[in-house]
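>>> here is the input, now give the coordinates:
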Amino acid sequence: MVIEARPRRQAIEDVASTLFHERGYAATSVRDIASALDIRGASLYAHVASKEDVLWAIVERAATTFERTADEATSVTLGARAGVRLDALVRGHVKVITEDPELTSVFVNEWRHLSPPRRQLILIRRDAYQQRFHDLIDAGIDAGEFAPTDPAVATSFILTALNGIATWYSPVGRLDVDSIGDHYAVMALRALTGTKGSKGEDA
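Residues are numbered from 1 along each chain as shown. Purely as a prediction, here's the structure:
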């Protein structure tokens, strides 16, 4: 039973992710999710307690993926210059979004529909994730690698641009994932240094 239950739960989350991405959480009903799965609404409740539980699972999974990828980026660039470390964080963020743009779009746009206790938990994790960029930009300014600027504004600028990828990315589009990572890493570093800063160089 346990082995079979998870694929069904995964299917529910995947379908809900698509619907929440296309229609928004508020405009998607439990019946919509069940219909997309070709099951009865009552059957859905055998696997999930509520529509919010599905949203919570999606948002929590996305948050964990962002955190794990940022941890990996930080680990492999430990001790490097701020430009190199920022390059790795940007590329990691691009990788997470392009691997599942619907999931990450729901995380970015729909988390506010969670109940207050869950919303607060995600807000804490989002703030901690953003702080990685803030601290790195601050360190780069202190080291003279980045031009003086407000780290909070710079962080918001970079993450807003990165999160926007979920609205237009297509796996069959003109640019592959590495190319998108190249462009966004270069633009992030250029914004902070006024140089080309390709792949963390000259930053």
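
>>> hmm, residue 107 is touching residue 58, no?
Yes: counting by C-beta atoms under 8 Å, residue 58 is a contact partner of residue 107 at 7.0 Å. Using the backbone N, CA and C atoms, a C-beta is placed for each residue, glycine as well.

>>> can you name the next helix or strand after the helix or strand of the chain with the lowest mean pLDDT?
Lowest mean confidence among the helices and strands of the chain (mean pLDDT, DSSP states H and E): helix 41-44, at a mean of 67. Sequence order places helix 51-76 as the next helix or strand after helix 41-44, per DSSP states H and E.

>>> which non-adjacent residue is nearest residue 85?
Using C-beta to C-beta, 6 or more residues apart in numbering and skipping the chain neighbours, the partner closest in space to residue 85 is residue 77 (4.5 Å).

>>> now do the helices in this structure.
2-23, 30-37, 41-44, 51-76, 82-99, 101-110, 116-142, 151-163, 177-193 (DSSP state H).

>>> can you pull the contacts of the residue sitting nearest the centre point of the chain?
Centroid-nearest residue in the chain, with C-alpha atoms, centre = their mean: residue 104, separated by 4.8 Å. Residue 104 is in contact with 62, 66, 96-97, 163, 166, counting by C-beta atoms under 8 Å, 6 or more residues apart in numbering.

>>> switch the cut-off to 7 Å
62, 96-97, 166 (C-beta atoms under 7 Å, 6 or more residues apart in numbering).
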